[in-house]
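>>> with the sequence up front, the predicted model follows.
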Protein chains: 2
Amino acid sequence: MEISIIIVAGGSGTRMGSSTPKQFLGLAGRPVLMHTIEKFSTVLPGAEIILVLPQNQLQQWEQLIKDFSFNIPHKSCVGGETRFQSVKNGLEKVNPNSLLVGVHDGVRPLVSSNTIKSCISLASEKGSAIPVVMPADSIRRISKDKNIAVTRDEFRMVQTPQVFKRDIILSAYQKEFNSSFTDDASVVEAEGFDIFLCDGNYENIKITTPSDLIIAEALLKKEPN
Amino acid sequence: MEISIIIVAGGSGTRMGSSTPKQFLGLAGRPVLMHTIEKFSTVLPGAEIILVLPQNQLQQWEQLIKDFSFNIPHKSCVGGETRFQSVKNGLEKVNPNSLLVGVHDGVRPLVSSNTIKSCISLASEKGSAIPVVMPADSIRRISKDKNIAVTRDEFRMVQTPQVFKRDIILSAYQKEFNSSFTDDASVVEAEGFDIFLCDGNYENIKITTPSDLIIAEALLKKEPN
């Protein structure tokens, strides 16, 4: 089965207190993004990997590829102003023969093999699949001048990869951008499709702060899952 | 100002795959719980610390105190079947002169000084204070046969310590137990009091899995905050 994985990495280093974009920061000796790409290449050999980066980071990425002799085949493509536009740009590069398209955050290198396989398997059956985990903390909902406890069991924390049949995600991304689109599932859902959930892995964190980088480094030393 | 901190540690080692209760597991060379107690003792010198443990763990705790020459003053008290009952038991030990009572999860040793101070300060002004952080992931709400995206900005992830004026938490805990009580704020809220939010720290995780222990170990090596 042909599979395409779009890896979106649009972040700056602002919250990291660094001028290096977070996807390029060193993690166990290599840029975060290389770990992410390698994970998909290992779990899904032969899958098409499309990397979406801001225009002003493409050159730096090319240099990193040389510096680290990184040789995993992938296409690069220029992102947009929003994550929505970046994914849309990535979708244009997708091989028309692909049956499934997954979208993954470049700064989630700790996605497990099981998470990736579960998403692929469920999406090929149902048309969509996103990995979720139970919230570890209590949750409150806030409004202008109030906040109230909600029933934690009714909520799930959403990770990536978010995987869809190619036709479904292509048609969903024809829409105009809407600020309620926080991830691909919300775009596909707005098109009227049901979203199916599978188990993510708790380690599959999004690296956005210096603490996250420390956490990721420690988790990488664990045995692979 | 007199302050009492109730530290609740009711967990078993089940999710850890260990026969040792998670609060007793080693973290940077000492049981998790000792880090937690020390943090409050350092940030709030003179505060009364009340540790609530299951009946069958008290003896082991006494032994650990000897083994590690742990000399931070605290009272121990026996927990109940539920977290609600454990907190209620702890409340019975609170010094009647205390103006504020904080309740903290024993397995959150990484609470920052700032988080503790913010909660104390806000609670002494408003009557209640709980630390929250923005969710790092998208969130979905699930029901019997559907799940939908929610607006992430409207939600906050809740941590501890949850701090209240003594009268408020005492009166709230007079109620019968209700399964919607996932934390102290939900109990106090059910009594009709408003809950006030302050900034938690992302590192303030609840240690419940082996990965969490690895994460905590790595974060402890960072400079203190």
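Nice, I can see it.
>>> distance of the residue of chain A most remote from its centre from residue A:105?
Centroid-distance maximum for chain A: residue A:145 at 33.7 Å, with C-alpha atoms, centre = their mean. The gap separating residue A:145 from residue A:105 is 34 Å, by C-beta to C-beta, to the nearest Å. For every residue, glycine as well, the C-beta is placed using N, CA and C.
>>> and the residue of chain A closest to chain B?
residue A:218 (3.4 Å; C-beta to the nearest C-beta).
>>> next up, the contacts around that residue.
B:214-215, B:217-218 (C-beta atoms under 8 Å, 6 or more residues apart in numbering or on different chains).
>>> adding pLDDT and secondary structure as columns, could you present those residues in JSON lines?
Shown next, in JSON lines, are the contacts of residue A:218 (pLDDT from 0 to 100; DSSP: H, G, I helix; E, B strand; the rest coil):
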{"residue": "B:214", "pLDDT": "92", "secondary structure": "helix"}
{"residue": "B:215", "pLDDT": "93", "secondary structure": "helix"}
{"residue": "B:217", "pLDDT": "93", "secondary structure": "helix"}
{"residue": "B:218", "pLDDT": "92", "secondary structure": "helix"}
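>>> does chain B have contacts with the helix or strand containing residue A:167?
Taking DSSP states H and E as the criterion, residue A:167 maps to helix A:166-172. No - shown here: helix A:166-172 not in contact with chain B (C-beta under 8 Å from any C-beta of the partner chain), separated by at least 12.8 Å.
>>> buried residues in that helix, which are they?
A:166, A:168-170, A:172 (16 or more other C-beta atoms under 10 Å in any protein chain shown).
>>> about what we covered before: weed out the non-buried ones from the contacts of residue A:218.
B:214-215, B:218.
>>> before we move on, the earlier item: among the buried residues of helix A:166-172, which one sits closest to residue A:18?
Of all the buried residues of helix A:166-172, residue A:169 has the smallest distance to residue A:18: 32.4 Å, by C-beta to C-beta.
>>> what residues does stretch A:84-96 touch?
Against stretch A:84-96 from outside (C-beta under 8 Å, 6+ apart): A:2, A:4, A:6, A:8, A:10, A:48, A:50, A:52, A:75, A:77-80, A:101, A:103, A:166, A:169-170, A:173, A:177, A:181, A:184, A:187.
>>> inside strands: which ones of the residues you listed?
Within these, residues falling in strands by DSSP state E are A:4, A:6, A:8, A:48, A:50, A:52, A:75, A:77-78, A:101, A:103.
>>> is it possible to mark the buried ones in these?
A:4, A:6, A:8, A:48, A:50, A:52, A:77, A:101, A:103.
>>> now, the most widely separated pair of the residues you listed?
Using C-beta to C-beta, these reach their maximum pairwise distance at A:8 and A:48, which is 14.8 Å.
>>> could the ones in strands among the contacts of stretch A:84-96 be laid out in CSV, adding distance to residue A:202?
As requested, the ones in strands among the contacts of stretch A:84-96 are exported to CSV (distance: C-beta to C-beta, whole Å):
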residue, distance to residue A:202
A:4, 27
A:6, 24
A:8, 22
A:48, 28
A:50, 27
A:52, 26
A:75, 31
A:77, 31
A:78, 33
A:101, 25
A:103, 21
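>>> mind putting these into TSV with distance to chain B and pLDDT?
Below are those laid out as TSV (distance: C-beta to the nearest C-beta, whole Å; pLDDT from 0 to 100):
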residue	distance to chain B	pLDDT
A:4	22	98
A:6	17	98
A:8	14	97
A:48	25	98
A:50	21	98
A:52	18	97
A:75	26	97
A:77	23	95
A:78	24	96
A:101	18	98
A:103	12	98
